[in-house]
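Student: my questions concern the predicted model and sequence given below.
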Amino acid sequence: MGLVCWSIIDSVVQLTRINRDLYTHPFAVSNAALEAQLAASSIRNELLLAVMSHDLSNVEQAISHIENLDKKLQQNLTVIQAAFLGDQTQVARVQEAAAQWPAIRQQIFHSAQTGRFDKAQAISLTQGTALHDKLAQGLDYIISYARAKASFFVKQAEQHTQETIISAKNLLYAGILLALVIGFFTVRRVLYQLDKNEASLREAASVFENTADAVIITDAQERITMVNRAFSEITGFAMSEAIGQTPRLLKSDRHTPSFYTSLWSALKNDGKWNGQIWNRKKNGEAFLALETISPVFDRHSRIAQFIAVFSDITELHRQQELDRHRAYHDALTGLPNRFLLQDRLQHAITLSRHKQVQLVLMLIDLNRFKVINDTLGHATGDLVLVEIAERLRQALRRSDTVARLGGDEFVVLLLAEDAAEVWDSVTEFIERIQEVISTPMQIQEHNLSVGSSIGVAHYPNGGEDAETLLKNADTAMYAAKATGVDGYCYTIKPVD
């Protein structure tokens, strides 16, 4: 009798613990962390738009967007803090980073609204982006942990389904025997426990079927034995179409064979695989999945099953790519902006220093553009800038860079084994650029033309770092502009 009672109590405790720790929390935490990660990533990139825009309405729009993202981030962090069952120090670090953010945000907003971008502003921006990098790193851990728990939940749910059926039979038989000894009330207690066990199993099945994450269960030979509703919703394959197939049903053409070799190696050596993988839907459309795959072992330590849990993060990926592009490209022309130019210029300097590659920097200011902007309006002026940007893009090689600094200022960065390689000489190339710019253009009903003043700096004579090169090219451009005609000026003219 004591043994049977202990069995009843242990069964209830185990089912209650599994239900509490595994059936509900992992999926909620994983989804909240994904939402928070998207918000943090978007905030990081929106900061650049806020501080670099020359249009106050764009600044206010960016600020409003950031404030909305802040609310979304905080809501999801609250969910994570309440439901996360893993290492709480990771959650504390994420919360600490989020707590530091409001003060820095106000500094950035103030500078953006006043139109200043100075050294102090740059420091605040750097601190802000660093905080959101820290947030993203902490959230990566939380997502990984929650997905591992979700995978474990599916294993446990299936295992305990079988165990509970056996326990139910044993408890029922034991209850009948006990009834002969201690009577009717003991039987009622046993049946009550069986009802509770059945309710827990129903709850587990409900979570499995209704979670937003897709779940696939295969046998040891990788044949699919079970999928949930989310799998069909994400992939388009019905359960009847998936069962009996292998996960290669979802295989896309975006990964090399070495990718799958690495995946199976991780499963063998680490006992699980977690990462991003491109799959395909029934209609042939590719989608990016955040997936965890784990093996399930039998009592003889042999693989009995594989369980995969994944979600479709294609839109998250697209949004991050869009945010990344917006952060480093000019919104009007699509050219690299000041931030991307700085990165490429620094890389070009390193290349030139170590490989003796020639580097020429040209800063271009459009002449007569202000007259067009003032008389015909900003919309026409914007069309002129787009046309000039396309002409410059077409005139350059793929290895060169053209960027827009803002207003009517453009930068061309040339790299060549020989500075004169681009055309017969650097001078002839500059004259070619001026010709491309000055060619008349048809904008709406207007036949328009602009000129250019160009300042040229050659590495290392015109400066040995990015800031000095840009400054000296700017000085040379103003010297050319002071002549009153279309022209160009070298900081220090290189030898052709």
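Tutor: Okay, I see it. All values derive from a computational prediction rather than experimental measurement.
Student: partners of the longest strand anywhere in the chain, with directions?
Tutor: When every strand of the chain is counted residue by residue (DSSP state E), the longest turns out to be strand 286-297. Strand 286-297 has its sheet partners listed here by DSSP bridges as strand 273-280 (antiparallel), strand 303-312 (antiparallel).
Student: dump those strands to a markdown table, plus mean pLDDT and mean neighbour count.
Tutor: (Glycine included, C-beta is placed from N, CA and C.) Output for the strands paired with strand 286-297, formatted as a markdown table (pLDDT from 0 to 100; neighbours: other Cβ atoms under 10 Å):
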| stretch | mean pLDDT | mean neighbour count |
| --- | --- | --- |
| strand 273-280 | 92 | 18 |
| strand 303-312 | 89 | 22 |
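Student: right, so of those, which gets closest to Leu413?
Tutor: If you check each of the strands paired with strand 286-297 against Leu413 by Cβ to Cβ, strand 273-280 wins as the nearest, at 33.0 Å.
Student: domain map for the protein?
Tutor: The chain is divided into the following domains under automatic domain parsing: 2-163, 212-316, 329-490.
Student: before we move on, the earlier item: which among the strands paired with strand 286-297 is found nearest to Arg229?
Tutor: Taking Cβ to Cβ as the criterion, strand 303-312 is the member of the strands paired with strand 286-297 that comes nearest to Arg229, at 13.5 Å.
Student: following the chain past the closest one, name the next helix or strand.
Tutor: Tracing the chain past strand 303-312, the next element assigned as helix or strand by DSSP states H and E is helix 314-328.
Student: just want the angle from the helix or strand following that next one to helix 314-328.
Tutor: Using DSSP H and E, the next helix or strand after helix 314-328 towards the C-terminus is helix 338-355. Our comparison of helix 338-355 with helix 314-328, counting by axes from the mean of the first three to the mean of the last three Cα atoms, to 10 degrees, yields an angle of 80 degrees.
Student: buried sites along helix 338-355?
Tutor: Within helix 338-355, the residues scored as buried using 16 or more other Cβ atoms under 10 Å are Arg338, Leu340, Leu341, Gln342, Arg344, Leu345, Ala348, Ile349, Ser352.
Student: kindly indicate which of those lies nearest Asp298.
Tutor: The shortest separation between Asp298 and any of the buried residues of helix 338-355 is 54.2 Å, and it belongs to Leu340 (by Cβ to Cβ).
Student: now that closest one, nearest residue through space, not along the chain?
Tutor: Distances taken as Cβ to Cβ, 6 or more residues apart in numbering place Tyr328 nearest to Leu340, at 4.0 Å, with adjacent residues excluded.
Student: again, but for Trp278
Tutor: Counting by Cβ to Cβ, 6+ apart, Arg254 is the residue found nearest to Trp278 once chain neighbours are left out, at 3.9 Å.
Student: can you pull the phi/psi pair for that neighbour?
Tutor: Listed backbone geometry of Arg254 is phi -100, psi 0, with angles given as degrees, to the nearest 10.
Student: next one: it from Gly284, what distance?
Tutor: Applying Cβ to Cβ, to the nearest Å, one obtains 13 Å for the distance of Arg254 from Gly284.
Student: who's more crowded, these two?
Tutor: In terms of neighbours (other Cβ atoms under 10 Å), Arg254 is the more surrounded of Arg254 and Gly284; the figures are 12 against 8.
Student: that one contacts Ala286, doesn't it?
Tutor: Yes - when contacts are counted by Cβ atoms under 8 Å, Arg254 is listed as touching Ala286 (6.3 Å).
Student: now the common contact residues for these two.
Tutor: When contacts are counted by Cβ atoms under 8 Å, 6 or more residues apart in numbering, the set common to Arg254 and Ala286 consists of Trp278.
Student: count the neighbours of the residue nearest to Phe109 when sequence neighbours are not counted for me.
Tutor: Of all residues not flanking Phe109 in the chain, Ile63 sits nearest, at 5.5 Å (Cβ to Cβ, 6+ apart). Under the neighbour criterion other Cβ under 10 Å, Ile63 is assigned a count of 19.
Student: pLDDT score assigned to Ile63?
Tutor: Looking at Ile63, its pLDDT reads 73.
Student: packing partners for the helix or strand hosting it?
Tutor: Take DSSP H and E as the rule and Ile63 turns out to sit in helix 56-83. Counting contacts by 3 or more Cβ pairs under 8 Å, 6 or more residues apart in numbering; DSSP states H and E, helix 56-83 is packed against helix 25-52, helix 88-114.
Student: okay, buried residues for it please.
Tutor: Using 16+ other Cβ under 10 Å as the burial criterion, the residues of helix 56-83 that qualify are Val59, Ala62, Ile63, Ile66, Leu69, Asp70, Lys72, Leu73, Asn76, Leu77, Val79, Ile80.
Student: reformat the residues you listed into JSON lines and put distance to Thr225 next to each item.
Tutor: Conversion of those to JSON lines gives the following (distance: Cβ to Cβ, whole Å):
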{"residue": "Val59", "distance to Thr225": "56"}
{"residue": "Ala62", "distance to Thr225": "50"}
{"residue": "Ile63", "distance to Thr225": "52"}
{"residue": "Ile66", "distance to Thr225": "47"}
{"residue": "Leu69", "distance to Thr225": "41"}
{"residue": "Asp70", "distance to Thr225": "44"}
{"residue": "Lys72", "distance to Thr225": "38"}
{"residue": "Leu73", "distance to Thr225": "39"}
{"residue": "Asn76", "distance to Thr225": "34"}
{"residue": "Leu77", "distance to Thr225": "37"}
{"residue": "Val79", "distance to Thr225": "32"}
{"residue": "Ile80", "distance to Thr225": "33"}
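Student: which of those has the weakest pLDDT?
Tutor: Note: of the buried residues of helix 56-83, the lowest pLDDT belongs to Val59, at 67.
Student: so what's Gln276 up against?
Tutor: Residues touching Gln276, when contacts are defined by Cβ under 8 Å, 6+ apart, comprise Leu288, Ala289, Leu290, Glu291, Ile313.
Student: which of those residues has the most neighbours?
Tutor: When the contacts of Gln276 are compared by neighbour count (other Cβ under 10 Å), Glu291 ends up highest, at 24 neighbours.
Student: roughly how far apart are that residue and Phe297?
Tutor: Summarising the geometry, the distance separating Glu291 from Phe297, computed by Cβ to Cβ, is 20 Å.
Student: same check on Phe429?
Tutor: Using Cβ to Cβ, one obtains 67 Å as the distance from Phe429 to Phe297.
Student: over to the closest residue to Gln90 other than its chain neighbours. Which of the three states is it?
Tutor: In space, and not counting its chain neighbours, Gln90 is closest to Tyr141: 5.0 Å by Cβ to Cβ, 6+ apart. Put simply, Tyr141 is helix when judged by DSSP: H, G, I helix; E, B strand; the rest coil.
Student: what is the burial count for Tyr141?
Tutor: Taking other Cβ under 10 Å as the neighbour definition, Tyr141 ends up with a count of 16.
Student: repeat that for Ile243.
Tutor: Neighbours around Ile243, by other Cβ under 10 Å: 15.
Student: excluding chain neighbours, what is closest to it?
Tutor: Leaving out its chain neighbours, the residue that sits closest to Ile243 by Cβ to Cβ, 6+ apart is Ile224, at 5.4 Å.
Student: check what pLDDT that neighbour gets.
Tutor: The confidence metric pLDDT takes the value 93 at Ile224.
Student: and it, what are its phi and psi?
Tutor: Reported as degrees, to the nearest 10, the phi and psi values for Ile224 are phi -70, psi 130.
Student: surely it and Pro247 touch.
Tutor: Yes - with contacts defined as Cβ under 8 Å, Ile224 counts as touching Pro247 at a distance of 7.0 Å.
Student: comparing those two, which residue is more hemmed in?
Tutor: In this view Ile224 and Pro247 are compared by other Cβ under 10 Å, and Ile224 has more residues nearby, 22 against 17.
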